[in-house]
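Participant: quick one: sequence plus predicted model below, questions after.
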Amino acid sequence: MIIGITGGIASGKSTASNYLEDQGYPVVDADKIAKEIVEPNKPTLTQIAEHFGQGMLHEDGSLNREKLGSIVFQNEEARLTLNSIMHPAIRREMLFQADEYLKEGNQIVFLDIPLLFESKLTSIVDQTLLIYVPKEIQLERLMRRNGYSQEEALSRIASQMPINEKKKLANVTIDNSGSKEDLSIQLDKYLSNLRY
Ligand SMILES: CC(C)(COP(=O)(O)OP(=O)(O)OC[C@H]1O[C@@H](n2cnc3c(N)ncnc32)[C@H](O)[C@@H]1O)[C@@H](O)C(=O)NCCC(=O)NCCS
Ligand SMILES: Nc1ncnc2c1ncn2[C@@H]1O[C@H](COP(=O)(O)OP(=O)(O)OP(=O)(O)O)[C@@H](O)[C@H]1O
């Protein structure tokens with residue numbers, strides 16, 4: 001069984017995923033794969049440099065994430081171009097890793113995918129689990145974690161489907177407005193009710 005974990009930026013997906021991993025469940029992380037496929041000399045990085053210019057690279061050939069982020073989170077067309085370069089490779093690698101875990105005999109594999117609904121990836125999972133926080137808490141945690149100004153944080157939030165819309169689409173919603181311990185308790189409850 002493949003379960004898709006999603007949520008808005010800084011809603012607590014990684015915190016939930018880390019807990020699930022601690023409990024022994026395999027988690028495939030789309031953000032991690034997105035970072036791996038743009039390591040120096042990888043074909044996806046070459047494509048990004050061709051589209052967005054060599055100025056997107058640091059002197060050592062690595063991706064200047066801050067610079068690319070400042071472009072794509074302020075310009076929808078640029079973001080959609082980046083998505084079209086990166087998403088097929090991310091999807092392929094996620095499915096490959098999930099399949100490996102299933103072949104190893106795992107009954108459940110979690111996929112942590114921030115853009116699960118935006119990228120219409122629901123067909124690759126059997127169930128969707130939303131880590132939800134209201135927008136005000138999301139904004140506060142995002143600004144604190146990344147040191148963003150309110151404007152920077154809001155432009156990132158605005159590049160995603162509003163979290164309240166995601167709530168309508170998810171099979172199961174876990175509210176992460178409380179403490180991290182509250183989140184773990186809810187995840188335990190969710191896991192003990194899982195039927196597969
Ligand atoms: C633009 C990039 C280089 C900025 O890097 P940065 O280190 O600042 O952010 P990071 O990768 O840690 O992403 C943080 C969060 O931003 C959000 N986010 C990232 N990319 C996107 C996107 N294309 N659209 C909307 N939200 C996004 C996600 O919630 C993600 O968890 C990077 O986000 C990127 O490569 N994005 C394109 C790939 C992608 O879509 N990744 C997310 C889902 S697979
Ligand atoms: N219940 C909580 N109480 C307080 N802080 C929390 C809680 N859950 C998560 N956080 C903090 O909020 C921030 C965002 O959480 P996390 O990194 O897990 O979100 P995410 O959804 O994985 O983000 P992204 O989409 O950027 O990958 C982190 O600094 C994390 O430590």
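Facilitator: It's in. Every value quoted in this text rests on a predicted model; they were computed, and no experiment measured them. Ligands and ions are numbered 1, 2, ... in the order given.

Participant: for the residue nearest the centre of the chain, phi and psi?
Facilitator: By C-alpha atoms, centre = their mean, the chain has its centre lying nearest to residue 114, at 2.8 Å. Torsion angles at residue 114 (phi, psi; degrees, to the nearest 10) stand at phi -50, psi -40.

Participant: wouldn't it be in contact with residue 31 here?
Facilitator: Yes: with contact defined as C-beta atoms under 8 Å, residue 114 and residue 31 form a contacting pair (6.6 Å). C-betas here are computed from N, CA, C, even on glycine.

Participant: what does the chain put close to ligand 2?
Facilitator: With C-beta under 6 Å from any ligand atom as the criterion, the chain meets ligand 2 at residues 7, 9-15, 31, 114, 141, 145, 176, 178-180, 183.

Participant: okay, and which of the residues you listed map to strands?
Facilitator: residue 7 (DSSP state E).

Participant: which strands and helices lie in contact with the helix or strand where residue 101 lies?
Facilitator: Using DSSP states H and E, residue 101 maps to helix 76-103. Judged by 3 or more C-beta pairs under 8 Å, 6 or more residues apart in numbering; DSSP states H and E, helix 76-103 is in contact with strand 27-29, helix 30-36, helix 43-52, helix 65-72, strand 109-112.

Participant: so of these, which one's packed in deepest?
Facilitator: For the helices and strands packed on helix 76-103, ranked by mean neighbour count under the definition mean count of other C-beta atoms under 10 Å, the leader is strand 109-112 at a mean of 25.

Participant: for the residue of the chain most remote from its centre, give me the pLDDT.
Facilitator: No residue in the chain sits farther from the centre than residue 59, which is 27.9 Å out by C-alpha atoms, centre = their mean. According to the prediction, residue 59 has pLDDT 95.

Participant: ligand 2 versus that one, what's the distance?
Facilitator: When distances are taken as C-beta to the nearest ligand atom, to the nearest Å, residue 59 and ligand 2 turn out to be 27 Å apart.

Participant: do the same with residue 186
Facilitator: As for residue 186, its distance to ligand 2 is 10 Å (criterion: C-beta to the nearest ligand atom).

Participant: list the helices and strands the helix or strand harbouring that residue packs on?
Facilitator: Per DSSP H and E: residue 186 is located in helix 180-193. Taking 3+ C-beta pairs under 8 Å, 6+ apart as contact, the helices and strands that helix 180-193 lies on are helix 13-22, strand 172-175.

Participant: hmm, the longest one touching ligand 1?
Facilitator: Which is helix 13-22. No: Helix 13-22 lies out of reach of ligand 1 by C-beta under 6 Å from any ligand atom, never closer than 7.2 Å.
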